[in-house]
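Colleague: Have a look; sequence and predicted model below, questions after that.
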Amino acid sequence: MKLSLRTFIEVLRTGRGPTTRALDAIFTPPYAGSGFEEVQEEGALDSPLADWGVQLMLDAGAGIAEILHINSWPDELKESLRAEVLRPAVEQGLKVRFFWEGHAGSDAEWILREPATAGDVDVVFRTAWSKVQQTSVEEVEVAVS
């Protein structure tokens, strides 16, 4: 995913970017409407993202770049997140907040961290620093794989 240098610096500072903000908007209760029954099913987030998932992202303010970025995530990473975090959060009506950070490992991963607000679930997407490159004076690319 390509980000302006300004946006990337903000993401470094806050852990929040266009993709995490869109996911926050989606995974905030109440969970009603299209997509939330589907997220209960194994493989629901596999690439390419299903029409209902694309629509949820667009409705949450994401653009095509964010959707393509999610499609680039390994399916097994998305499935573990769905099964271990998203499905239980939807079932229990919990808010999920998403963050990003770089890390020294070699693969993309996600971790849970202690939420700032009791009852929330905080997920941190972690990208290997080796996958982050400044591609121009004003642009940074964050790859997943």
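Modeller: Alright, I've got the coordinates.
Colleague: Now do stretch 20-40: distance to the chain's middle.
Modeller: Stretch 20-40 sits 12 Å away from the centroid of its parent chain (Cα atoms, centre = their mean, to the nearest Å).
Colleague: Just the buried residues of it, please?
Modeller: By neighbour count with 16 or more other Cβ atoms under 10 Å, stretch 20-40 contains the buried residues Thr20, Ala22, Leu23, Asp24, Ile26, Phe27, Tyr31, Gly35, Phe36, Val39. In this view, the C-beta of every residue, glycine as well, is placed from N, C-alpha and C.
Colleague: Go through those residues and say which is closest to Ile111.
Modeller: Of all the buried residues of stretch 20-40, Ile111 sits closest to Thr20, with 13.9 Å by Cβ to Cβ.
Colleague: What is the three-state secondary structure of the spatially closest residue to Arg97 that is not a sequence neighbour?
Modeller: Among residues not flanking Arg97 along the chain, Asp122 sits closest, at 5.0 Å (Cβ to Cβ, 6 or more residues apart in numbering). Judged by DSSP: H, G, I helix; E, B strand; the rest coil, the three-state class of Asp122 is strand.
Colleague: any idea how far Asp122 is from Arg113?
Modeller: 5 Å (Cβ to Cβ, to the nearest Å).
Colleague: Quick check: neighbours shared by these two?
Modeller: Shared contacts of Asp122 and Arg113, defined by Cβ atoms under 8 Å, 6 or more residues apart in numbering, comprise Phe99.
Colleague: Those two: which is more packed in?
Modeller: Counted by other Cβ atoms under 10 Å, Asp122 and Arg113 do not tie: Asp122 has more neighbours, with 18 against 13.
Colleague: What pLDDT does the model give the more buried one?
Modeller: As predicted, Asp122 sits at a pLDDT of 98.
Colleague: what's the first-to-last distance across stretch 110-123?
Modeller: End-to-end distance of stretch 110-123 (Cα to Cα, to the nearest Å): 7 Å.
Colleague: Quickly find the element holding Gly102.
Modeller: If you go by DSSP states H and E, Gly102 is part of strand 96-103.
Colleague: That strand pairs with which strands, parallel or anti?
Modeller: Using DSSP bridges, the strands paired with strand 96-103 are strand 121-128 (parallel).
Colleague: Just give me the closest of the buried residues of stretch 20-40 to Pro48.
Modeller: For these, the residue nearest Pro48 by Cβ to Cβ is Gly35; the value is 15.2 Å.
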